[in-house]
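K.L.:
Need the 3D shape of this:
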Amino acid sequence: MSDALAIGDGIFQITVPMTHNPLGSTLIYAMESPNGVVLVDAGWDGDEGWDGLTSGLESMGHSIGDVEGVVLTHFHPDHTGLCGRVREASGAWIAMHESDQEMFRLMSTGHTVEWLDDQILNLRRAGASDADLEEYRAAVHLQPPAGPESSADRTLTGGQVIPLAGGRSLRVVFTPGHTPGHTCFHLEDADVMFTGDHVLQKTTPHVGNFVYPLEERDALAEFLSSLERVQSMGVTRGLGAHGLQITDLPGRAKELVEHHEERLEHLVEAFGDDEITLWQVAERMKWYRGWDAFSPLARGMALSEAAAHLRHLVTRNLVTQVPDTEPALFVRV
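P.N.:
Got it, this is the predicted structure:
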């Protein structure tokens, strides 16, 4: 176990491990509040994560029972998983943006055989082969990664203020894209923003649409707009949930916008004159490693990212869906 890291401005960084995950850990931020401590996120549910969170708080001179509340950047289990244990130990409130609360409910209760059948249907409509579908089915674990006990009991809205000790406060900044309800938190007196998974120092955050139908939300448009909002705020320093501190938050946000514009341009060129399925779109996208190297579950994630880019190209009228095709075919305009 490691101590919490004091990083200035009354902020403590607690590393909550998840050794089963390639990310390795989630960075939780703790600050004094009127009645104890407020946490930004909680970490993955598990004994190693719980030990990391509790020992980090103890190194600050607090116990888990001192946690007054948890503000969540988004619904993913590496951020929400320990909320149930925290609330049971301290009576803390848990707050999440309303647009992610339904997503959390589906994640925490929906990993059933019926859910898997729906996923398989989505993949089939995207153009996956029978062999791909069987590999995916065999790889899925139906146990939900976070349970209903970690659900939020308070709702966050953009512009809302979360009181901290000494008259300080966190202001909620709504930044959809990585998830429908992703939220950052601006520590207004310190030129610091807690960016969750919206802006990371090195990693490019995942942005995915539901694979089918493409009429769902334009997640990439939301993400790009949210990055521009963060740029315009002029906050210099970013503290993400993974990786190192961001010393030039507007500059890093700009890099992410440029990265996705390059991917979109590359993808339009990759169409050529072909009519292709969403699955083939994913195969042709520019990834950090070859498509063939992805595991079945990683391909599912990559497919949702491809769907987000394809959806955005349709919005920009650069690609169109071929009528009356199943699986749906798409062609460059």
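K.L.:
and Pro163, what are its bridge partners?
P.N.:
On the basis of DSSP bridges, Pro163 is bridged to Ser169.
K.L.:
Go ahead and confirm it touches Gly36.
P.N.:
No - if you go by Cβ atoms under 8 Å, Pro163 and Gly36 don't touch, sitting 11.9 Å apart. Any C-beta I mention is one placed from the backbone N, CA and C, and that applies to glycine too.
K.L.:
Compare the two and say which is more crowded by neighbours.
P.N.:
Shown here are Pro163 and Gly36; by other Cβ atoms under 10 Å, Gly36 has more neighbours (18 against 15).
K.L.:
For the more buried one, name its beta-bridge partners.
P.N.:
Applying DSSP bridges, one finds that Gly36 bridges with Ser33.
K.L.:
Glu68 is in contact with that one, correct?
P.N.:
Yes - with contacts counted by Cβ under 8 Å, Gly36 reaches Glu68, the gap being 4.1 Å.
K.L.:
Common neighbours of those two, please.
P.N.:
Ser90 (Cβ atoms under 8 Å, 6 or more residues apart in numbering).
K.L.:
At which residues are the helices of the stretch 101-250 of the chain located?
P.N.:
In the stretch 101-250 of the chain, the segments counted as helices under DSSP state H, counting those that start in this stretch are 113-126, 130-139, 219-233, 249-271.
K.L.:
which ones are touching the nearest residue in space to Ile162 that is not next to it in sequence?
P.N.:
Of all residues not flanking Ile162 in the chain, Leu170 sits nearest, at 4.1 Å (Cβ to Cβ, 6 or more residues apart in numbering). Residues near Leu170 by Cβ under 8 Å, 6+ apart: 31, 38, 40, 71, 161-162, 164, 185-188, 194.
K.L.:
Now, of these, which are buried?
P.N.:
31, 38, 40, 71, 162, 164, 185-187, 194 (16 or more other Cβ atoms under 10 Å).
K.L.:
So for stretch 235-250, what gets flagged as buried?
P.N.:
Buried, per 16+ other Cβ under 10 Å, within stretch 235-250: 235, 237-242, 246, 249-250.
K.L.:
Check the offset of that stretch from the chain's centre.
P.N.:
Taking Cα atoms, centre = their mean, to the nearest Å, one finds stretch 235-250 lying 16 Å from the centre of the chain it belongs to.
K.L.:
got it, and stretch 92-101?
P.N.:
On the basis of Cα atoms, centre = their mean, stretch 92-101 sits 14 Å off its chain's mean C-alpha point.
K.L.:
got it, and stretch 90-104?
P.N.:
14 Å.
K.L.:
Over to stretch 292-304?
P.N.:
With Cα atoms, centre = their mean, you get 17 Å for stretch 292-304.
K.L.:
what's the following helix or strand after the one helix or strand Arg311 maps to?
P.N.:
Assigned by DSSP states H and E, Arg311 belongs to helix 296-315. Moving toward the C-terminus from helix 296-315, the next helix or strand (DSSP H and E) is strand 319-322.
K.L.:
List the contacts of that following strand.
P.N.:
With contact meaning Cβ under 8 Å, 6+ apart, strand 319-322 is reached by 214, 268, 271, 275, 310, 313-314, 328-333.
K.L.:
switch to 10 Å and redo it
P.N.:
213-215, 264, 267-268, 271, 275-276, 278, 281, 309-314, 328-333 (Cβ atoms under 10 Å, 6 or more residues apart in numbering).
K.L.:
of those, buried ones?
P.N.:
Looks like the contacts of strand 319-322 have 214, 264, 267-268, 271, 276, 278, 281, 309-314, 328-330, 332 buried, using 16+ other Cβ under 10 Å.
K.L.:
Pick out the residue nearest the middle of the protein.
P.N.:
By Cα atoms, centre = their mean, the chain has its centre lying nearest to His178, at 4.6 Å.
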